[in-house]
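A.B. asks: next come a sequence and a model predicted from it.
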2 protein chains.
Amino acid sequence: MAEHGFAVEKTLKALLDEKKYRTLKDILITMNPADIAAVFEELDEERLPVLFRLLPKEPAAEVFAELEPESQELLIRGFSDAELREVIEELYVDDAADLVEEMPANVVKRILAQTDPQTRKEINEILRFPENSAGSIMTTEYVSLRPSMTIAEAITRIRRTGVDKETIYTCYVTHERKLLGFVSVKDMLLAGDDETLIRDLMDTNVISVNTLTDQEEVAQMLSKYNFLALPVVDNDNRMVGIVTFDDAMDVLQEEATEDIEIMGGMTPSDKSYIRSTPLDIYRHRIPWLMLLMVSATFTGMIITGFESRLAAQVVLTAFIPMLMDTGGNSGSQSSVTVIRALSLGELEFSDIVAVIWKEIRTAVLCGVTLAILCFGKILLVDRLLLNNPDVTVMTAAVVCIALAVTVLIAKIIGCSLPMIARKLGFDPAVMASPFITTIVDALSLLVYFGIASSLLF
Amino acid sequence: MAEHGFAVEKTLKALLDEKKYRTLKDILITMNPADIAAVFEELDEERLPVLFRLLPKEPAAEVFAELEPESQELLIRGFSDAELREVIEELYVDDAADLVEEMPANVVKRILAQTDPQTRKEINEILRFPENSAGSIMTTEYVSLRPSMTIAEAITRIRRTGVDKETIYTCYVTHERKLLGFVSVKDMLLAGDDETLIRDLMDTNVISVNTLTDQEEVAQMLSKYNFLALPVVDNDNRMVGIVTFDDAMDVLQEEATEDIEIMGGMTPSDKSYIRSTPLDIYRHRIPWLMLLMVSATFTGMIITGFESRLAAQVVLTAFIPMLMDTGGNSGSQSSVTVIRALSLGELEFSDIVAVIWKEIRTAVLCGVTLAILCFGKILLVDRLLLNNPDVTVMTAAVVCIALAVTVLIAKIIGCSLPMIARKLGFDPAVMASPFITTIVDALSLLVYFGIASSLLF
């Protein structure tokens, strides 16, 4: 798709240089706003505003909402007040709130000056809510109906007010702003009798979220129930907005990316990789690298403590990387599995005993298999094939026992640390490979040298 | 939420034991099908069919679709032919196709015998498509309109046929099954004049996918364009079905889980962690553990090759874990970032040069920072604080130069291998931490011993 976008971009640039505005307009109106935004992102600073002005009013706002903050700022700085007002008017209020949040103070001032008082109030309401809460991602533009309306009256209301709503397909029935139930356009259309009262048609088993519910939980709920939208209520069950499926999809994608970044030993970034400079990337990566490097001091100390014996049995050193890596891999398998299950809501802290018991049984299976394989490999490859006389059956036994014990420890630590982190209110994803590896490294060395000491010396 | 489910489950069990069926029915009809299914999964084999039979027809089918295959099979084996027919009739055809795919042959035979010929044809059509293709996740139940219809006629058609459709809100305009355009119920309701022709209202810039398009690409497109549904067409642009947003959400979640599992060094599993036995988990984890353990033979061989010199300078051994871990962490940061960007469609193979250049600059920043920090740490902690006279300034220099070079190599390998894997048609996620770690381990040792040889001996 990127290649396709690249081709369009070249055509548009050429047409722009030849000032063929009519043709440009004709091409742009056939394109989807998301695609237009993707092409616009590739344009240079002078071409972007020219091309943007060729868009009709409605797609213009949609394209604007899809652009990255840098491009939005560039456009706003070039807009006249009238142009700015036009775009802001067409934006959904949740997109307007996102915009206000991203822009520098002087731009925000201009934006708010061109916003009508009602929208300004709604924007401020959304901005009040903490980041990543349902309140911060909701929109206040939903269709509300009264229970005493007939279907015909409800449809008339939708026809009158629907144009500005983010979705018209699920309507919410309220009385004095209290949420009573919901009714879908499908139910209304298929009801048969247009004089049926909304009160009699509505579903009163309405599932809602609080303004402070975490956005990930909201997204998981939308996905679980297959809803188009989920109503957001305040502590008094007064309806304040809705979260729609498209925002939920974005949240699920973002949260998965964030988990993956944290599991990879990075602080999560809002910027896409392409838009990040090496310095941006450096800032997100170096803290973990430094922390993990310094904590590897312990492994160094363990080896130093065993130095004199290692000097006598240097052959033991050759198996350190294999032991550490297998321990690290075993532990990260468990931690990654548990972290994902926690993210998806499949596991909770109360499951910790069951999880540890499952991991212990898995670890025994894995540990025994690996130990047998390793024993054979050491005797066949290291002793016979590579003809290393230092590798004795006893060495092989020490390595393999240490291996099995390490796998067991690694899996227990790998599965329990993320659950403990969740319980303590930390992000479980922090307890993934890099972190687990560091702990397991130290422990595997202690086990290895401990077993070596008792069996070899 | 799991705790909430647990409480309901206890109540239901108690009521069931007291045979209070009326009360049970009253409770069940207030619950959402997804929640009912979650509770049903916790019931034992005898209670499940009893409780299921208390459900009214329509929620019964929805609950059935949400159950795990094991529970579905259990229920079907207990159903009379009439009961089975009733459930199958109420299922959406994509859910029916999923069911047929999951059940053993003798159950499938019974299911198909109770399915009307038209539905059977549609199920077979869906099953023809390869796994993970748009065709395999689509439903054939969509609203199609003719271009010559008026809005009033279209709405009448929706009212007549809509009840069985997975979504009525986006309707597709076809002529001789060719896809001409689409029109939303919102556009129809807000058009103002019910005599407007669909031909004049429809959007002809319709974005569609082929039956063979990968499900992940379909889901990403739905998410990008914020569509409720995407039309699926065959090679002749004949419309065959739609993929709806709720299925796309499930695909995005599944694909993220699969990527995370592969990145964690496991073969991906269809079963949730809770439902997997230790033996299931073992099967998904042991292949990678064995492969990576055996490939660690190389690191062992490198150390063995350097053994005589290590015996003279055992102090060098103490820094091996730190070097290997930092290299592994640096490499997995890059690989994880690139793998996710590839999954999200932000990167393609053609970007490889730009990516490597970005990673080189990041690696220089990280490498220099770490080397300086490490140099200070070695001299202060290892030499002064731990009072180890073997640690000389020269040792520190060797370790730190090796560290910087390792970080550079790790980041180049970490970013390029996933992109090369994608180009060769493999899953880039395979090139994550465990794999990268193994390669970087060997390389970091070679670098370390190489630098040590030239500077120390």
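C.D. replies: Noted; the coordinates are in hand. These numbers come from a predicted model, not from an experiment.

A.B. asks: any idea how far the longest helix seen in chain A is from the chain center?
C.D. replies: For chain A, the helix reaching the highest residue count under DSSP state H is reported as helix A:393-423. Using Cα atoms, centre = their mean, to the nearest Å, the mean C-alpha position of helix A:393-423 is found 30 Å from that of the whole chain.

A.B. asks: stretch A:442-457 too?
C.D. replies: In this view, stretch A:442-457 has its centroid 41 Å away from the chain centroid, taken as Cα atoms, centre = their mean.

A.B. asks: I'd like the average pLDDT over it.
C.D. replies: Per-residue confidence for stretch A:442-457 averages out to 89 on the pLDDT scale.

A.B. asks: buried stuff in it?
C.D. replies: Buried residues in stretch A:442-457, defined by neighbour count with 16 or more other Cβ atoms under 10 Å in any protein chain shown: A:442, A:443, A:444, A:445, A:446, A:447, A:448, A:449, A:451, A:452, A:456. (Glycine included, C-beta is placed from N, CA and C.)

A.B. asks: that stretch vs chain B: in contact?
C.D. replies: Yes. In terms of Cβ under 8 Å from any Cβ of the partner chain, part of stretch A:442-457 sits within range of chain B, namely residue A:445.

A.B. asks: can you list contacts of that stretch?
C.D. replies: Counting by Cβ atoms under 8 Å, 6 or more residues apart in numbering or on different chains, the neighbours of stretch A:442-457 from elsewhere in the structure are A:298-299, A:302-303, A:306, A:309, A:313, A:316, A:319-320, A:323-324, A:327, A:394-395, A:397-399, A:401-402, A:405-406, A:409-410, A:413, B:321.

A.B. asks: repeat that for stretch A:422-440.
C.D. replies: Counting by Cβ under 8 Å, 6+ apart, residues outside stretch A:422-440 touching it are A:258-259, A:262-265, A:288, A:292, A:295-296, A:299, A:324, A:327-328, A:330-332, A:335-336, A:338-339, A:342-343, A:348-349, A:406, A:409-410, A:413-414, A:417-419, A:421, B:264, B:325, B:328-329, B:332, B:433.

A.B. asks: which SSE is immediately downstream of the helix or strand of chain A with the lowest mean pLDDT?
C.D. replies: Ranking every helix and strand in chain A by mean pLDDT, DSSP states H and E puts helix A:2-17 at the bottom, with a mean of 69. Downstream of helix A:2-17, the first helix or strand assigned by DSSP states H and E is helix A:21-28.

A.B. asks: what is the mean pLDDT for whichever helix or strand comes after that following helix?
C.D. replies: Using DSSP H and E, the helix or strand that follows helix A:21-28 in sequence is helix A:33-41. Within the predicted structure, the mean pLDDT of helix A:33-41 is 87.

A.B. asks: helices or strands next to helix A:33-41 in the packing?
C.D. replies: helix A:2-17, helix A:47-52, helix A:57-66 (3 or more Cβ pairs under 8 Å, 6 or more residues apart in numbering or on different chains; DSSP states H and E).

A.B. asks: the residue in the stretch 301-450 of chain A that chain B sits nearest to: which element?
C.D. replies: In the stretch 301-450 of chain A, the residue that lies nearest chain B is residue A:336 (3.2 Å; Cβ to the nearest Cβ). Using DSSP H and E, the secondary-structure element containing residue A:336 is helix A:320-343.

A.B. asks: what angle sits between the strand or helix carrying residue A:71 and helix A:33-41?
C.D. replies: Take DSSP H and E as the rule and residue A:71 turns out to sit in helix A:69-78. Relative orientation of helix A:69-78 with respect to helix A:33-41: 80 degrees, computed using axes from the mean of the first three to the mean of the last three Cα atoms, to 10 degrees.

A.B. asks: show me where chain A dips below the pLDDT cut-off.
C.D. replies: A:1-7 (pLDDT under 70).

A.B. asks: ok, which stretches of it are strands?
C.D. replies: In chain A, the segments counted as strands under DSSP state E are A:144-145, A:170-175, A:178-184, A:209-210, A:229-233, A:239-244.

A.B. asks: nearest spatial neighbour of residue A:279, skipping sequence neighbours?
C.D. replies: With Cβ to Cβ, 6 or more residues apart in numbering or on different chains as the measure, residue B:365 is the residue that lies nearest to residue A:279, at 7.1 Å, once sequence neighbours are left out.

A.B. asks: my guess is that neighbour meets residue A:277, correct?
C.D. replies: No. Here residue B:365 does not reach residue A:277: they are 10.5 Å apart, not a contact under Cβ atoms under 8 Å.

A.B. asks: which of those two has more residues huddled nearby?
C.D. replies: Neighbour totals were compared for residue B:365 and residue A:277, and residue B:365 leads with 18 against 12 (other Cβ atoms under 10 Å in any protein chain shown).

A.B. asks: who's in contact with that one?
C.D. replies: Applying Cβ under 8 Å, 6+ apart as the definition, the contact partners of residue B:365 turn out to be A:278, A:279, A:282, A:286.

A.B. asks: of those, buried ones?
C.D. replies: For the contacts of residue B:365, a neighbour count by 16+ other Cβ under 10 Å gives the buried set as A:278, A:282, A:286.

A.B. asks: show me which of those neighbour chain B.
C.D. replies: Among the buried ones among the contacts of residue B:365, the ones lying close to chain B by the criterion of Cβ under 8 Å from any Cβ are A:278, A:282, A:286.

A.B. asks: just give me the closest of these to residue B:185.
C.D. replies: Nearest to residue B:185 out of those is residue A:278 (Cβ to Cβ; 48.8 Å).

A.B. asks: kind regards, and thank you for your time.
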